[in-house]
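A.B. asks: sequence first, predicted coordinates after that:
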Number of protein chains: 2
Amino acid sequence: MDLSPVAEDYLKAIYYLETENGRPVRTSDISEALDVTSPTVTSMLDTLDERELANYTPYQGVELTDRGREVVLQLVRNHRLLETFLMEYLDYSWSAVHDEADRLEHHVSDEFTRRLAAFLGEPATDPHGDPIPDADLRMPDESPYTPLTEFEPDDRVTVEQVPHRDPDVREYLSRHRIGPGTRLVVEEVSPIDLVTVVPSSTGASVALPTHVARRIGARAVTK
Amino acid sequence: MDLSPVAEDYLKAIYYLETENGRPVRTSDISEALDVTSPTVTSMLDTLDERELANYTPYQGVELTDRGREVVLQLVRNHRLLETFLMEYLDYSWSAVHDEADRLEHHVSDEFTRRLAAFLGEPATDPHGDPIPDADLRMPDESPYTPLTEFEPDDRVTVEQVPHRDPDVREYLSRHRIGPGTRLVVEEVSPIDLVTVVPSSTGASVALPTHVARRIGARAVTK
DNA sequence: TGAAATAATTAGCCTAGTCTAACTCTTCGG
DNA sequence: CCGAAGAGTTAGACTAGGCTAATTATTTCA
């Protein structure tokens, strides 16, 4: 194996694009996600295909092989355990952990991750509410949280899961005091791609585009 | 700044060679320490000189600038705090921490290190007994331990500081159960570059070449 | 002190990962 | 169903960090 952090980032990008977009991953998707030009992507896809980490058909798209998916799941495990440690023991804020974990995930050994998991008590989810793959890289069952888009006006909920990989989304939510544990009331779920909510801590109405609200997981407060 | 891990490793090597060998650091010293060929060293020395991290005079040798030394002290701080964390919280053995810390030291942010130091209680030394530079990169006073070579036969001592950067030395000491906290009796300090000691845990005599014994720091047990 | 031995540098090549410019598929609209 | 438009690939160049082979400094010692 012995993969460069750069190659690992391409595999991660393919992994997330596969699940998020639901369609074959195209060169331009990756080039946009990683902010590199498309010829650069093409040449890396050749490499990943050769190493049997991805199946790449020129002009047609790319998908991960089982081996490629394994590499990504180990990275996801590293990342989410690191985030848990950073928040619980080093007092990082939920919006600050991502960048640190994104760098370190490539450099910790499997041994480190095993020991860190034991130290943290083998957690099944990270502080953003995302599931942590176990030592055999099995992803726990889908999170039991409900997307914010599924609630009705006046529902009172607790936020359990927040999207945080996009720095702009992260900054916006953080600025409006929406994070794991936030209590809020759903104000409106509009068909024009907008959800408005009122965090109880601020009382100020916050507008969320549907693509963001859909990725906020919450639990109804049975008041 | 924004230095590659590779460039950082060259700076570290120069730092240690400066203090250990006491003479101007030569190309071949570095090439041996890092296991690269000498032309490779020459070209990196050009780069470091250009970046004002080292003063390099062709054919004459190289020494760190203040900026170069600062970079190294930050790495040393990262390294020793990481080792402390790995041993105290993740149950790594003293002989196993080095490699993990050596990789991670290049990738943790200053913010991470600040927070880790706070979490660990701002320790002044690491578990090998080596001093940890403070947040302003000042190295604490020299360690108060006495080199094993300064003791006399029959002296009873506790080991406080062990050399651990060389894997062979590390393996040897570890195999003979000599580590931080080990109690032992000095058997002989021979003029032919040999010190023999008897750890009380095993009772078996262990021979140490002077260059190793000189770097083992110990404290007399006032029995 | 001068030649041999040793150390260091220069020259030139390689790979990974990046870019721009130019060319070639695919796809979609008329 | 064919020709732009747009997406993707190929060609060729660049940088960092390696290497080997050849050349040049320095040092040592007879």
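C.D. replies: All right, it came through fine. Just so you know, these numbers come straight off a predicted model, no measurement behind them. Residues are numbered from 1 along each chain as shown, chains lettered A, B, ... in the order given.

A.B. asks: could you use CA atoms for every contact and neighbour count after this?
C.D. replies: OK.

A.B. asks: DNA strand C contacts on chain A?
C.D. replies: A:4-7, A:35-40, A:43-44, A:59-60 (CA under 7 Å from any atom of the strand).

A.B. asks: how far away is A:A7 from A:D49?
C.D. replies: 11 Å (CA to CA, to the nearest Å).

A.B. asks: please identify which of those two sits among more neighbours.
C.D. replies: A:D49 (18 against 15; other CA atoms under 10 Å in any protein chain shown).

A.B. asks: hmm, the more buried one is touching A:Y56, no?
C.D. replies: Yes. With contacts counted by CA atoms under 8 Å, A:D49 reaches A:Y56, the gap being 5.7 Å.

A.B. asks: quick one: the longest helix along chain A near chain B?
C.D. replies: Longest helix in chain A, counting residues (DSSP state H): helix A:66-90. Yes. Shown here: helix A:66-90 in contact with chain B (CA under 8 Å from any CA of the partner chain) through A:89-90.

A.B. asks: remind me what that helix packs against, helices and strands.
C.D. replies: helix A:5-21, helix A:97-104, helix A:110-120, helix B:110-120 (3 or more CA pairs under 8 Å, 6 or more residues apart in numbering or on different chains; DSSP states H and E).

A.B. asks: and these: which comes nearest B:T158?
C.D. replies: helix B:110-120 (24.0 Å; CA to CA).

A.B. asks: check which helices and strands the closest one sits against.
C.D. replies: Counting by 3+ CA pairs under 8 Å, 6+ apart, helix B:110-120 packs on helix A:66-90, helix B:66-90.

A.B. asks: okay, the ones you listed in a markdown table with mean neighbour count next?
C.D. replies: Formatted as a markdown table, the helices and strands packed on helix B:110-120 follow (neighbours: other CA atoms under 10 Å in any protein chain shown):
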| stretch | mean neighbour count |
| --- | --- |
| helix A:66-90 | 21 |
| helix B:66-90 | 21 |
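
A.B. asks: about what we covered before: pick the most deeply packed of the helices and strands packed on helix A:66-90.
C.D. replies: helix A:97-104 (a mean of 19; mean count of other CA atoms under 10 Å in any protein chain shown).

A.B. asks: domain assignment for chain A?
C.D. replies: Chain A breaks down by automatic domain parsing into domains covering A:5-64, A:146-220.

A.B. asks: which of those has the lowest mean pLDDT?
C.D. replies: With a mean of 90, domain A:146-220 has the lowest mean pLDDT of the domains of chain A.

A.B. asks: enumerate the residues of chain A near DNA strand D.
C.D. replies: For chain A, the contact set with DNA strand D under CA under 7 Å from any atom of the strand comprises A:26-29, A:38-39, A:41-43, A:57-61.

A.B. asks: mark which of those are part of helices, please.
C.D. replies: A:27-29, A:38-39, A:41-43.

A.B. asks: around chain B, pick out the residues from chain A.
C.D. replies: Counting by CA under 8 Å from any CA, the residues of chain A near chain B are A:89-91, A:100, A:103-104, A:107-109, A:112, A:115-116, A:119.

A.B. asks: thinking A:L64 is in contact with A:N55, fair?
C.D. replies: Yes. Shown here, A:L64 and A:N55 form a contact pair, counting by CA under 8 Å, at 6.2 Å.

A.B. asks: which one of the two is surrounded by more residues?
C.D. replies: Applying other CA under 10 Å to A:L64 and A:N55 shows that A:L64 carries more neighbours, namely 23 against 18.

A.B. asks: what about the closest residue to the more buried one other than its chain neighbours, neighbour count?
C.D. replies: In this structure, A:L64 finds its nearest non-sequential neighbour in A:A54, 4.1 Å apart by CA to CA, 6 or more residues apart in numbering or on different chains. A:A54 is flanked by 22 other residues according to other CA under 10 Å.

A.B. asks: follow-up on the earlier one: in CSV: the residues of chain A next to chain B, plus pLDDT.
C.D. replies: Shown next, in CSV, are these (pLDDT from 0 to 100):
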residue, pLDDT
A:Y89, 97
A:L90, 98
A:D91, 96
A:E100, 97
A:R103, 97
A:L104, 98
A:H107, 98
A:V108, 98
A:S109, 97
A:F112, 98
A:R115, 98
A:L116, 98
A:F119, 98
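
A.B. asks: what's the closest of these to DNA strand D?
C.D. replies: Ranked by distance to DNA strand D (CA to the nearest atom of the strand), the residues of chain A next to chain B are led by A:H107 at 16.3 Å.
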